[in-house]
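# using only what follows, build the 3D model:
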Amino acid sequence: MNLNGKRILVTGGASFIGSHLTDALVDKGAKVRVVDNLSSGRLANIQSHIESGQVDFVEADLTEPGIAQKVVDGTQIVFHLAADHGGRGYVDLHQAACTTNLALDGMLFRACHELGVEKVVYASSGCVYPNHLQTDPGEMLYLQEDMVGPPFDADNMYGWAKLMGEMTLQSFHQDWGLKSASCRYFTVYGERGHENHAVIAMVARAFIAQDPYVVWGNGEQIRNWTHVDDIVSGTILAAEKIDDGTAINLGTMERTRVIDAVQEVLSYTGHDAKIELHPEMPTGPMNRVADNALASRLLEWSPQVNFVDGLHRTIEWYFSTKDRDKVRDVLEERLTER
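Below is the predicted model of the structure:
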């Protein structure tokens, strides 16, 4: 699929991942419209595109009546990233807020069908996978797409909403022929990230020279942190190569313990601090790593940024763009808020 000249809507396009996707689509010559309520997105992320006329920006809440129809009208492809979401602290402590995603997704998908959109690409999550599979950090577990099924056991209301979004989109394809794809994002990090996500929180704690340096959990949690550049490339490939609503993992298969990521942050930043573990804090599953064989086969996609290199890039960005006093003032609140 040639995206040059395509009329594309990116919901949540001023956010962390959404703004990087917007950058890539503009680079490919697409005519991009972004809708974002700026609850977690930042206009500065896409300001240069707005000023150059390459992006049409609409500040609006997609759950308000008529907004979905307004922003979808006239577009050919919709990348749906807008959601009430956050890191582990947010999704654990704000589950009622995450239920709004159920209504948001349904309203948007219906507007896409009614207005004749060619394709919808949905930002799903590794949170759709059953919790009971992810309890043992010593198991060499790689989550495969077909592991999502009865008995369903998604991760909190956020995960359930994402699972329902996938299933709703598949129903729209089966009943009405709406071309679509769902991308299950795994533990995304990188430039423009927010402190309520683990990697940025680690970096922020080093940036303000926190001592003792706080780590949520016992440090043994396994994650496959995936750089935003790889997420964006996989999302665009899904738009080009999947039509039938298939859900596909986008995540590296690189297994990293939280404590090892922390040690790398401290080493690279030169911050010498005592590590203080807090097992009572929200941690999520103990072992979450994607199997990306299906993405390799269907999309010819593989991650290009290894974790240590991506982490160093993220640290350099954070340390060069943030104000230490401001971060110190707001960090504790941002760990659990949007």
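# rest of the way, CA atoms for contacts and neighbours
Will do.
# where's N249, which helix or strand?
strand 244-250 (DSSP states H and E).
# next one: E264
helix 258-269.
# about what we covered before: how about residues contacting the strand holding N249?
126, 144-145, 166, 169-170, 173, 179-186, 231, 234, 290-292, 294-295 (Cα atoms under 8 Å, 6 or more residues apart in numbering).
# drop anything exposed from the residues you listed.
For the contacts of strand 244-250, a burial check counting by 16 or more other Cα atoms under 10 Å picks out 126, 144-145, 166, 169-170, 173, 179-186, 231, 234, 290-292, 294-295.
# just the angle between the longest helix along the chain and strand 244-250, please?
Longest helix in the chain, counting residues (DSSP state H): helix 156-176. Comparing the axes of helix 156-176 and strand 244-250 via axes from the mean of the first three to the mean of the last three Cα atoms, to 10 degrees yields an angle of 150 degrees.
# how far is the lowest-mean-pLDDT helix or strand in the chain from where the chain is centred?
Least confident element among the helices and strands of the chain, by mean pLDDT, DSSP states H and E: helix 88-93 (a mean of 87). Distance of helix 88-93 from the chain centroid (Cα atoms, centre = their mean, to the nearest Å) equals 14 Å.
# got the contact list for that helix?
Counting by Cα under 8 Å, 6+ apart, 85, 98, 156-158, 196-198, 282-284, 335-338 sit against helix 88-93.
# same question for stretch 12-21.
So stretch 12-21 is in contact with 10-11, 22, 34-38, 40-46, 80-83, 191-194, 228-229, 232, going by Cα under 8 Å, 6+ apart.
# please spell out which residues along the least confident helix or strand of the chain are buried.
So, applying 16+ other Cα under 10 Å, buried residues of helix 88-93: R88, G89, Y90, V91, D92.
# out of these, which comes closest to L104?
V91 (16.8 Å; Cα to Cα).
# how close does that closest one get to E220?
From V91 over to E220 the distance is 20 Å, taken as Cα to Cα, to the nearest Å.
# try V327
In terms of Cα to Cα, V327 sits 27 Å off from E220.
# V265: which of the contacts of helix 88-93 is nearest?
The closest of the contacts of helix 88-93, once distances to V265 are taken by Cα to Cα, is A198, at 11.8 Å.
# not counting sequence-adjacent ones, nearest residue to that closest one?
Once flanking residues are discounted, A198 sits nearest to G87: 7.0 Å by Cα to Cα, 6 or more residues apart in numbering.
# then H194?
H194 sits nearest to I200 (Cα to Cα, 6+ apart), 6.1 Å away.
# what strand or helix carries that neighbour?
helix 198-207.
# packing partners for that helix?
strand 213-216, helix 258-269, helix 307-321, helix 324-334 (3 or more Cα pairs under 8 Å, 6 or more residues apart in numbering; DSSP states H and E).
# alpha carbons of the first one, in PDB - could you do that?
Looking back up the chat, that one is strand 213-216. Taking Å, rounded to 0.1, in the frame of the first residue of the first chain, the C-alpha atoms of strand 213-216 are listed here in PDB:
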ATOM      1  CA  TYR A 213      16.000   4.800  44.400                       C
ATOM      2  CA  VAL A 214      12.500   3.300  44.500                       C
ATOM      3  CA  VAL A 215      11.600   0.200  42.400                       C
ATOM      4  CA  TRP A 216       8.000  -1.100  42.400                       C
END
